[in-house]
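> here's my sequence, what's the structure:
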Amino acid sequence: MQENQQPFPQGQPYPAALAYTPPAPQPWLLPPPEGVRYDHLARNPATRWWRPVVGTLVVAVAFVVAAMVVFLLGALLAPAFGVKMLPGDTRLFDDPEYALVVMLLSIAVVLPLVFGTAALIQRRRPGTLSSVAGRLRWSWLWGCAGVAVVALVLGQTALVVAYSVAGEDTSGLFGEWAGWERFLPGLVVIVLLVPFQAAAEEYIFRGWVIQAFGSYLRNPAYGIVLGSLLFMVMHGYTQAGMVDVFGFGVVMGFLAVRTGGLEAAIAMHVVNNVFAFGLSAATGQLDKAMQQGAVPWPALAGTVVQLAVFAAGVLLLAKKLAKKRAISAFSG
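Model (predicted):
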């Protein structure tokens, strides 16, 4: 064969094996590896060291800016609803239901922003923030809610006993019935908005923080502890109240990793907040529901009982359901 002779005659096509096929376009949202633990769900082929850092900064700024925007809109719209502002007062508005709406919305609106950050910055499905199934497992969430109600009842019982043993006044724990006229407006606000407010906090402090650390570290303890510390700082409690909030965060973070999703944490958070705000509304003290401060040390007895019962109940239920393949696989 001459040096300049073509390997294939002119006019004949090249064999199909030598034809160039362009690679298929990669989808924007990439899945995590199969069978990974909940705290590692942010890991995918697009993972780079900077994505969790940038995403965390975006979520933090969104949290602050969204709250400012909602409070500003609340102040601007207040006169239209006949509500007066209270400058220098922690209540902000003279109408407790209106103040509660503004406060709950200022947190709830962050929820879609967290989902959007996961999709745009980390290139993953927002559902991976919910669970290893890539979505919120509703049947499992309702099961956890049932356990949360039982744990709440037992925790409140332990609280009354601890107050009595410590010689604390128990008469102010539950208050007196204020009547349906004062209770129902607050109840409507609570039922409609508390689930979104509580879920938003769980997606930030349990979901996002734990998975951000999970992008780099194998041990989930770092994300659980830091998320719990941030959760504690964002509340205004002191003394025993700080221990209460931090302990809640640690247990909820542990359950999120252990059960492979946020369902247990969301259920517990919603049940707690509905009870707390509902009790304030029922006793006509909704204006004090958002006031945080010192908590008596005997109150921790109720917290310990409630968290212990809830954690044990959830793990036991998870074990039974996993054997029946009723929900997605739990991480070990």
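> so for the helix or strand containing L184, mean pLDDT?
Applying DSSP states H and E as the criterion places L184 in helix 180-202. Averaged across helix 180-202, the pLDDT comes to 96.
> chain center to the following helix or strand past it: distance?
Following helix 180-202 in sequence order, the next helix or strand is helix 209-214 (DSSP H and E). In terms of Cα atoms, centre = their mean, to the nearest Å, the centre of helix 209-214 is found 13 Å from the chain centre.
> who are the packing partners of helix 209-214?
helix 50-77, helix 221-233, helix 240-259 (3 or more Cβ pairs under 8 Å, 6 or more residues apart in numbering; DSSP states H and E). In short, each C-beta sits where N, CA and C put it, glycine included.
> can you pull the buried residues of it?
For helix 209-214, a neighbour-count test (16 or more other Cβ atoms under 10 Å) marks 209-214 as buried.
> and the gap between the nearest residue to I121 once chain neighbours are set aside and Y216?
In space, and not counting its chain neighbours, I121 is closest to G55: 4.1 Å by Cβ to Cβ, 6 or more residues apart in numbering. Counting by Cβ to Cβ, to the nearest Å, the gap from G55 to Y216 is 13 Å.
> these two: who's more crowded?
Ranked by neighbour count (other Cβ atoms under 10 Å), G55 and Y216 place G55 first, with 21 against 14.
> can you pull the contacts of that one?
Applying Cβ atoms under 8 Å, 6 or more residues apart in numbering to G55 gives the contacts 117-118, 121-122, 208, 212.
> same thing but 6 Å
Shown in contact with G55 (Cβ atoms under 6 Å, 6 or more residues apart in numbering): 117, 121-122.
> does V101 lie in a helix or a strand, and which?
helix 96-108.
> and that helix, what does it pack against?
helix 50-77, helix 180-202 (3 or more Cβ pairs under 6 Å, 6 or more residues apart in numbering; DSSP states H and E).
> may I see the buried residues of the last one?
Residues of helix 180-202 classed as buried under the neighbour-count rule (16+ other Cβ under 10 Å) are 182-183, 185-187, 189-190, 193-202.
> what does stretch 216-232 give?
220, 222-229, 231-232.
> how distant is the helix holding V101 from the center of its chain?
The answer for helix 96-108 is 17 Å, by Cα atoms, centre = their mean.
> strand partners of the lowest-mean-pLDDT helix or strand in the chain, parallel vs antiparallel please.
In the chain, no helix or strand scores lower on mean pLDDT, DSSP states H and E than strand 294-295, which sits at a mean of 80. Applying DSSP bridges, strand 294-295 is found paired with strand 238-239 (parallel).
> tell me how far the residue nearest to I121 lies from L77.
32 Å.
> quick one on the thing from earlier: would you turn the helices and strands packed on helix 209-214 into CSV with distance to L86?
Listed next are those as CSV, based on distance: least, Cβ to Cβ, whole Å:
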stretch, distance to L86
helix 50-77, 11
helix 221-233, 25
helix 240-259, 24
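> pick the most deeply packed of the ones you listed.
Mean neighbour count (mean count of other Cβ atoms under 10 Å) peaks for helix 240-259 among those, with a mean of 22.
> contacts for the very next helix or strand once past that one?
Moving toward the C-terminus from helix 240-259, the next helix or strand (DSSP H and E) is helix 263-282. Residues outside helix 263-282 that contact it (Cβ under 6 Å, 6+ apart): 137, 140-141, 144-145, 148-149, 152, 183, 186-187, 190, 194-195, 198-199, 202, 206, 252, 255-256, 286, 289, 310, 314.
> so for stretch 100-116, mean pLDDT?
97.
> sorry, slip of the keys, the one I care about is stretch 159-166.
On average, stretch 159-166 scores 90.
> neighbouring contacts of that stretch?
170, 298, 301-302.
> buried ones in it, by neighbour count?
For stretch 159-166, by 16+ other Cβ under 10 Å, it's 159-160, 162-163.
> so which of those residues belong to strands?
Under the assignment DSSP state E, the buried residues of stretch 159-166 contribute nothing to strands.
> next, give me the two most distant ones among these.
V160 and A162 (7.4 Å; Cβ to Cβ).
> now pLDDT and distance to D94 too, for the buried residues of helix 209-214, in CSV please.
What follows is the buried residues of helix 209-214, written out as CSV (pLDDT from 0 to 100; distance: Cβ to Cβ, whole Å):
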residue, pLDDT, distance to D94
V209, 98, 36
I210, 98, 40
Q211, 98, 41
A212, 97, 40
F213, 97, 43
G214, 96, 45
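> ok, the residue most central in space within the chain to L30 distance?
In the chain, the residue lying closest to the centroid (Cα atoms, centre = their mean) is E202, at 1.2 Å. Distance of E202 to L30, computed by Cβ to Cβ: 24 Å.
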